[in-house]
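In: Here is my input, please return the structure:
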Amino acid sequence: METLKYKVIKSEKQYNEYCGILHDLDFAAKKKTKAIEDEMELLTFLIEKYDEEHSNFEILEPIPLLKSLMKDHKMKAVDVADLLNVSEGLVSDILNYKKGLSKETIRILSERFKLNQEAFNRPYELHVPVSPKFKDAKMMNTRKKLATAS
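Out: Residues are numbered from 1 along each chain as shown. You can find the predicted model right below:
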């Protein structure tokens, strides 16, 4: 009896191994034969099935989710920038909570990682530093309001 090349994923080690194989097949083969495309499709199916059963994506905020997916898929910020067709600086700002995810970014990420768009379309707080001028102006307005209220 012939043994199967791939089996249902039952451990994180096997999951990571299959993600690595899929990554190599996707980026190493310049011309993908029908056999390679079938192998990639099977690996994608097995990985997605494991993700569905073992993920906590529904409780993660979009940025930790993206970071987790990048780690799982062995992607760096430059890879995400290439995927989104944006600068590495914008990806850095997104990963550091300085910029939000656009509709197009959400669409591309959900398609790439085979997740519902709602996984990336959840509210989260941006960490935008307040400039000293704005901070001073805000304080002045607060003082004026307090003075007129008394």
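In: Any stretches of this protein with poor pLDDT?
Out: For the chain, residues meeting the criterion pLDDT under 70 lie at 1, 29, 55-58, 130-150.
In: Quick check: can you list the domain ranges of it?
Out: What automatic domain parsing lists as the domains of the chain is 1-54, 59-150.
In: quick one: the residue nearest in space to the middle of the chain from Tyr50, how far?
Out: By CA atoms, centre = their mean, the chain has its centre lying nearest to Leu66, at 2.4 Å. Between Leu66 and Tyr50 the distance, using CB to CB, to the nearest Å, works out to 19 Å. All C-beta spots, glycine's among them, are computed from the backbone N, C-alpha and C.
In: what do you get for Asn16?
Out: Distance, Asn16 to Tyr50, using CB to CB: 10 Å.
In: Helices of the chain, residue ranges please.
Out: Remark: helices assigned in the chain by DSSP state H are 12-28, 34-54, 62-72, 77-84, 88-95, 103-113, 132-149.
In: Among those, which comes closest to Tyr124?
Out: Closest approach to Tyr124 among these is made by helix 62-72 (5.8 Å; CB to CB).
In: Show me what that closest one is packed up against.
Out: Other elements packing on helix 62-72 under the criterion 3 or more CB pairs under 8 Å, 6 or more residues apart in numbering; DSSP states H and E are helix 77-84, helix 88-95, helix 103-113.
In: thought the residue nearest to the centre of the chain was touching Tyr97?
Out: No. Taking contacts as CB atoms under 8 Å, Leu66 lies outside contact range of Tyr97: 11.3 Å.
In: What residues does the nearest residue to Leu43 once chain neighbours are set aside make contact with?
Out: The shortest distance from Leu43 to any non-neighbouring residue, by CB to CB, 6 or more residues apart in numbering, is to Leu22 (4.4 Å). Listed by CB atoms under 8 Å, 6 or more residues apart in numbering, the contact set of Leu22 reads Met40, Leu43, Thr44, Ile47.
In: so what's the backbone phi/psi at Glu61?
Out: Main-chain torsions, Glu61, degrees, to the nearest 10: phi -70, psi 160.
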